[in-house]
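Asks: With the input below, show me the fold.
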Amino acid sequence: MRFRPILSDDAAAALPLASLVSIAFALLALSILGTPHLGPERDLPIACAAADVAPAAAEGDFPAVIAIQLKRSEAGVAIRVGPLRLPDNDFRAIRSKLTEINMPTIGVRILADPSLSVEQVTRALDEVLSSPMRRVTVASPSTSKVKAQ
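Replies: Below you'll find the predicted structure:
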């Protein structure tokens, strides 16, 4: 409700606010839609050298079952992991070698000499189970035809 009379100067000074607001929102919408928000992410260029990485071993590089042979020796227990001879009584070397291989899908068969004590065989078994390998069987050398489960 206007209490003053409309003068010709007031009519020229009045701006149509509704149309200006709609134009502002239209420009805002076009700027939002026209800006690429989901562009590809890029790494920042950092001036450091990448470390040389040796090629990783593949599952085909190893046999289907890794045989660990435990035999009685003069020093205690002779240990072989595949063709590799480990130091006598060094059960931790079994874990380090299997951790180096790091192929959980490959089976491990512990071929224990029947003359070994239960403690010696379980020490070797504990080291194998603390490695990444999960498919483990224990057998004597005479039953080495048993497959890993």
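
Asks: In stretch 100-112, which residues are buried?
Replies: For stretch 100-112, the neighbour count (16 or more other C-beta atoms under 10 Å) marks 101, 103, 106-112 as buried. C-beta coordinates here come from the backbone N, C-alpha and C atoms, glycine included.

Asks: which of the residues you listed sit farthest apart?
Replies: 103 and 112 (22.1 Å; C-beta to C-beta).

Asks: you'd agree residue 116 is up against residue 69?
Replies: No - contact criterion C-beta atoms under 8 Å: residue 116 and residue 69 do not qualify, at 11.0 Å.

Asks: hmm, back to that, now distance to residue 120 and pLDDT too, for the buried residues of stretch 100-112, in a markdown table please.
Replies: Shown next, in a markdown table, are the buried residues of stretch 100-112 (distance: C-beta to C-beta, whole Å; pLDDT from 0 to 100):
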| residue | distance to residue 120 | pLDDT |
| --- | --- | --- |
| 101 | 22 | 84 |
| 103 | 26 | 84 |
| 106 | 24 | 87 |
| 107 | 22 | 89 |
| 108 | 17 | 91 |
| 109 | 17 | 92 |
| 110 | 11 | 91 |
| 111 | 13 | 92 |
| 112 | 8 | 91 |
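
Asks: So which of those residues is the closest to residue 128?
Replies: When the buried residues of stretch 100-112 are compared against residue 128 (criterion: C-beta to C-beta), the nearest one is residue 108, at 5.6 Å.

Asks: surely residue 90 meets residue 81?
Replies: No - using C-beta under 8 Å, residue 90 is not in contact with residue 81; the gap is 10.9 Å.

Asks: Compare the two (neighbour count), which wins?
Replies: A count of neighbours by other C-beta atoms under 10 Å puts residue 81 above the other of residue 90 and residue 81, at 20 against 13.

Asks: Now do the more buried one against residue 31, distance only.
Replies: Distance of residue 81 to residue 31, given as C-beta to C-beta, to the nearest Å: 66 Å.

Asks: centroid residue for the protein?
Replies: Nearest to the geometric centre of the chain sits residue 102, at 12.1 Å (C-alpha atoms, centre = their mean).

Asks: is it true that that residue touches residue 132?
Replies: Yes - judged on C-beta under 8 Å, residue 102 makes contact with residue 132 at a distance of 5.0 Å.
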